[in-house]
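Engineer: model the following, please.
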Amino acid sequence: MDQLLTETVAAKCTGTIIQHVQTDYFSLILRELDFGILMIEWDEVMENYQIQLSEIQYLRKANQNYALKHGTVLLLVKTFDGIIVGPEIQKKLQNKEVYGGIRAVAIILQSTTHRISLNLSSQFSKNRIPIRAFASHESAFKWLKKRQSQKS
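Structural biologist: Numbering: from 1, shown residues only. Below is the predicted model of the structure:
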């Protein structure tokens, strides 16, 4: 993955940026919203961008590094409508190794069909962590905060 810009930690009113990666195709920001709650913001630079395996590996490593220092992570994922998750990535995301150091994942999806599909498939999945899709940032964050108050 070619990195054009890497931003070091900077405080913002919406949390602390842990890492920012900008390429010709996307902008990816890993941000600490609250202690133990990280948000991945995937912003579109190119329409119909297909997620690459190297990006998943990069995110996994960043999450694990945070978890080593601060304990398990609750993850909120925000994507854009045109993002494409190909078969190779879908298969990789079913592997429990991807979720090392992560206790739960909330994903914001605009499409009702995609939310229902993800929520149904995660109920029957063998994932060891809960994954749930939401329409809004507020409901996703509330669900993560509830998980945070529960014992690991």
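Engineer: sec struct for the nearest residue to residue 27 once chain neighbours are set aside, please.
Structural biologist: Closest residue to residue 27 apart from its sequence neighbours, by CB to CB, 6 or more residues apart in numbering: residue 43 at 4.3 Å. For glycine as for every other residue, the C-beta is placed from the backbone atoms N, C-alpha and C. Secondary structure, DSSP: H, G, I helix; E, B strand; the rest coil: residue 43 is strand.
Engineer: contacts only, for the nearest residue to residue 70 once chain neighbours are set aside.
Structural biologist: Closest residue to residue 70 apart from its sequence neighbours, by CB to CB, 6+ apart: residue 36 at 6.3 Å. Residues near residue 36 by CB atoms under 8 Å, 6 or more residues apart in numbering: 70-74, 148.
Engineer: where along the protein do the strands fall?
Structural biologist: Assigned by DSSP state E, the chain shows strands spanning 5-7, 10-12, 15-22, 26-34, 37-44, 73-78, 102-108, 131-134.
Engineer: tell me the mean pLDDT for the fourth one?
Structural biologist: Strand 26-34 shows a mean pLDDT of 83 in the predicted model.
Engineer: swap in the fifth one?
Structural biologist: With pLDDT averaged residue by residue, strand 37-44 scores 81.
Engineer: report the angle between that strand and strand 15-22.
Structural biologist: 40 degrees (axes from the mean of the first three to the mean of the last three CA atoms, to 10 degrees).
Engineer: and strand 37-44, which strands flank it?
Structural biologist: Strand 37-44 pairs in its sheet with strand 26-34 (antiparallel), strand 73-78 (parallel), by DSSP bridges.
Engineer: packing partners for the helix ranked longest in the chain?
Structural biologist: The single longest helix within the chain, with elements called by DSSP state H, is helix 53-70. Where contact means 3 or more CB pairs under 8 Å, 6 or more residues apart in numbering; DSSP states H and E, helix 53-70 is packed against strand 15-22, strand 26-34, strand 37-44, strand 73-78, helix 87-93.
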